[in-house]
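*Asks:* Starting from these lines, generate the structure:
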Amino acid sequence: MSRANGEIRLRPNKKQLMFITARQRYIGYGGARGGGKSWAVRVKAMLLARRYPGIRMLIVRRTYAELQLNHTRPLQTLLRGQADYVERDKEFRFANGSSLMLGFCDAQSDVLRYQGQEFDVIFLDEATQLTEYQFQTFKGCLRGVNDFPKRIYVTCNPGGVGHAWVKRLFIDRDFRPGEDPDDYVFIPAGVRDNDALMASDPGYVENLKSLPYALRMAWLEGRWDVFAGQFFTEWNESVHVTEPFDVPDWWRFYVTMDYGMDMLAAYLIGVDPAGTAWVMREVYDGRDLGEGHDGLIISRAAQKVKTLAAGRRITAYLAPPDLWNRRQETGRSAADIFAEHGLRLTMTSNDRFDGWMAMRERLKVVTDERGQPSAGLRIFRCCPNLIRTIPLLTYDADDPNDAADTPHEITHGPDAIRGFCVYRTGAAKRPAVRRAWTGDMWQDYRAADPDTRRYLLERWGEPANDPGKMG
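*Replies:* Just a heads-up that it's a prediction; the model follows:
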């Protein structure tokens, strides 16, 4: 961007031009560091103010200091002669009636300052630093009785408290009822797309390459499955996720759950002879467990768990200790009510450190004798919420040994699996197969060494006849 005779000349790169010209209601941009996100936000705001006299816009950063550095000062230069900045209101006012307000949301409650206000266009710069609650609140501010476009522009890097909702909407495109896929678009961009930065600071890429693995993958490559602060860095979808297959009935089966008033997350797990746990089925439901008193809600939850376990002989139904807390008004616990509906629960440990360590041990990727990677916990692809939420867990800011309990929605599945991992589970034992051996089979068995005899027993099964009666 340059000025000639007072006229601003813009030189956006290819990705910035895609951002500027996008027309969807929700426009995501970025994914890696150095993609020119803040520049694109400022320029787009200026162009909209010119194009639509009277339009109301808002730019948001997480902190006031970031707002000052990334937008207030650069905009004062960019909009010189076009708009006056009113410090008291943190607002640029254009001669044609357009306005651009600057805001921040450091604390969760800061977003409440904007409730009741109306904006035609909102820019959430570095949106992964904002919570989903804050995003949803800003969506409610996007309105107005006019013909101006109604859009939210979201710029972002992987990581941060908002990683999960940004990834869900713009990367995974996993939409919920009421969310129209046609309203969302994501434009990936990184430092290599930013010609101006590459020319002015060619060493920037080398600096990013020197970062620790997680930061390097997120900030240089724009990877959304690896990011700084990720709790389970062991996660590798190509190893931990597998296509479903027919599981033998003689495996050991468990159901593990995390249940609360807002969510039921339950999983059917089969354990094979090697001790590997295979997560086979999933119930992940927080919307239709019913309304009313505890008994009604738990009755429906119990039915869902029974359906989950259908056709398998369950060794134990595992649940966290809080389900045994007795309600003062009734004297009964959730575990009591589950038992009344035919599910006798087994209490798991509530030690989060031991639980996470046990889960980390199962997620650890090892290489077998054939050179193939494997792990002690494998997940069928038909369990999408568990696959989605395990890699989204982040460290607790106050306890490096624990996972954060926010955003709350992503904790239910991992908590259920944590309960299973900390519970002592035994490997399945193949039932003895007995069959009648021929004389030749007995002769080969007698002549074999111990290792070969073990092989023959696995191949033929235990003998069901007396060798003395063979001819």
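
*Asks:* Now do the closest residue in space to residue 18 that isn't next to it in sequence against residue 142, distance only.
*Replies:* Take residue 18 and drop its neighbours on the chain: the residue closest to it by Cβ to Cβ, 6 or more residues apart in numbering is residue 187, 4.9 Å away. Bear in mind the C-beta positions are built from the backbone N, C-alpha and C, glycine included. Distance check for residue 187 against residue 142: by Cβ to Cβ, to the nearest Å, it reads 20 Å.

*Asks:* And residue 359, by the same measure?
*Replies:* With distances taken as Cβ to Cβ, residue 359 is found 40 Å from residue 142.

*Asks:* Helices of the stretch 351-471 of the chain, start to end?
*Replies:* Here the stretch 351-471 of the chain has its helices, by DSSP state H, counting those that start in this stretch, at 352-363, 384-389, 412-422, 439-447, 450-460.

*Asks:* on that earlier part again, neighbour-wise, which of residue 187 and residue 142 wins?
*Replies:* Set residue 187 next to residue 142 and count neighbours by other Cβ atoms under 10 Å: residue 187 wins out with 21 against 17.

*Asks:* Check the offset of the helix or strand hosting that one from the chain's centre.
*Replies:* Here residue 187 sits within strand 184-189, counting by DSSP states H and E. Taking Cα atoms, centre = their mean, to the nearest Å, one finds strand 184-189 lying 18 Å from the centre of the chain it belongs to.

*Asks:* Alpha carbons only: can I get that strand in PDB?
*Replies:* The C-alpha trace of strand 184-189 is given here as PDB (Å, rounded to 0.1, in the frame of the first residue of the first chain):
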ATOM      1  CA  TYR A 184     -19.000 -20.000   5.900                       C
ATOM      2  CA  VAL A 185     -15.800 -19.800   4.000                       C
ATOM      3  CA  PHE A 186     -12.100 -20.200   5.000                       C
ATOM      4  CA  ILE A 187      -9.200 -18.700   3.200                       C
ATOM      5  CA  PRO A 188      -5.900 -20.300   4.400                       C
ATOM      6  CA  ALA A 189      -2.900 -18.100   4.300                       C
END
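
*Asks:* I'd like the mean pLDDT over that strand, please.
*Replies:* Confidence for strand 184-189, expressed as mean pLDDT, is 94.

*Asks:* got the contact list for it?
*Replies:* 15-16, 18-19, 22, 24-32, 35-37, 169-171, 173, 175, 222 (Cβ atoms under 8 Å, 6 or more residues apart in numbering).

*Asks:* mind running it again at 7 Å?
*Replies:* For strand 184-189, contacts defined as Cβ atoms under 7 Å, 6 or more residues apart in numbering pick out 15, 18-19, 22, 24, 26-31, 35, 169-171, 173, 222.

*Asks:* what pairs with the nearest residue to residue 150 once chain neighbours are set aside across the strands?
*Replies:* Of all residues not flanking residue 150 in the chain, residue 142 sits nearest, at 5.3 Å (Cβ to Cβ, 6+ apart). Per DSSP bridges, the residues bridged to residue 142 are residue 119.

*Asks:* quick one: residue 142 and residue 119 touch, right?
*Replies:* Yes. Residue 142 is in contact with residue 119 according to Cβ atoms under 7 Å; the separation is 6.2 Å.

*Asks:* per-residue confidence at residue 192?
*Replies:* Reported pLDDT at residue 192 in the predicted model: 69.

*Asks:* OK, contacts around residue 64?
*Replies:* So residue 64 contacts residue 104 (Cβ under 7 Å, 6+ apart).

*Asks:* Okay, it and residue 363: tell me how far apart.
*Replies:* 40 Å.

*Asks:* what does residue 426 give?
*Replies:* For residue 426 relative to residue 363 (Cβ to Cβ), the value is 20 Å.

*Asks:* Please compare those two by neighbour count and tell me which comes out ahead.
*Replies:* residue 363 (21 against 9).

*Asks:* how much space between that one and residue 421?
*Replies:* 9 Å.

*Asks:* what do you get for residue 39?
*Replies:* Separation of residue 39 from residue 421 (Cβ to Cβ): 46 Å.

*Asks:* more neighbours, these two?
*Replies:* For residue 39 and residue 421, the more surrounded residue by other Cβ under 10 Å is residue 421, and the numbers stand at 26 against 20.

*Asks:* I'd say the more buried one and residue 357 touch.
*Replies:* No. If you go by Cβ under 7 Å, residue 421 and residue 357 don't touch, sitting 8.7 Å apart.

*Asks:* Give the intersection of the neighbour lists for the two.
*Replies:* By Cβ under 7 Å, 6+ apart, no residue touches both residue 421 and residue 357.

*Asks:* And the strands in the stretch 51-200 of the chain, which stretches?
*Replies:* Per DSSP state E, counting those that start in this stretch, the stretch 51-200 of the chain carries strands over the ranges 56-61, 83-86, 91-94, 99-104, 121-124, 151-156, 184-189.

*Asks:* Looking at those, spot the one closest to residue 384.
*Replies:* Minimum separation from residue 384 across the strands of the stretch 51-200 of the chain (Cβ to Cβ) falls at strand 184-189, 18.6 Å.

*Asks:* Sheet-wise, list the partners of the closest one with their directions.
*Replies:* strand 26-31 (parallel).

*Asks:* Need the CA coordinates for the strand it pairs with. CSV is fine.
*Replies:* The C-alpha trace of strand 26-31 is given here as CSV (Å, rounded to 0.1, in the frame of the first residue of the first chain):
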residue,chain,number,x,y,z
TYR,A,26,-18.8,-15.6,8.0
ILE,A,27,-15.4,-15.3,6.4
GLY,A,28,-12.3,-17.0,8.0
TYR,A,29,-8.8,-16.0,7.1
GLY,A,30,-5.3,-17.2,8.2
GLY,A,31,-4.2,-20.4,9.8
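
*Asks:* how is this structure carved up into domains?
*Replies:* As given by automatic domain parsing, the domain ranges for the chain are 2-219, 238-422, 434-469.

*Asks:* Mind checking those for the one nearest to residue 226?
*Replies:* Nearest of the domains of the chain (Cβ to Cβ): domain 2-219, 4.1 Å.

*Asks:* which of the helices of the stretch 351-471 of the chain sits most buried?
*Replies:* Burial of the helices of the stretch 351-471 of the chain is given as mean neighbour count (mean count of other Cβ atoms under 10 Å); helix 412-422 ranks first at a mean of 26.

*Asks:* next one: that one to chain centre, how far?
*Replies:* Using Cα atoms, centre = their mean, the distance between the centre of helix 412-422 and that of its chain works out at 16 Å.

*Asks:* could you give the angle of it to helix 352-363?
*Replies:* Computed by axes from the mean of the first three to the mean of the last three Cα atoms, to 10 degrees, the angle separating helix 412-422 from helix 352-363 equals 90 degrees.
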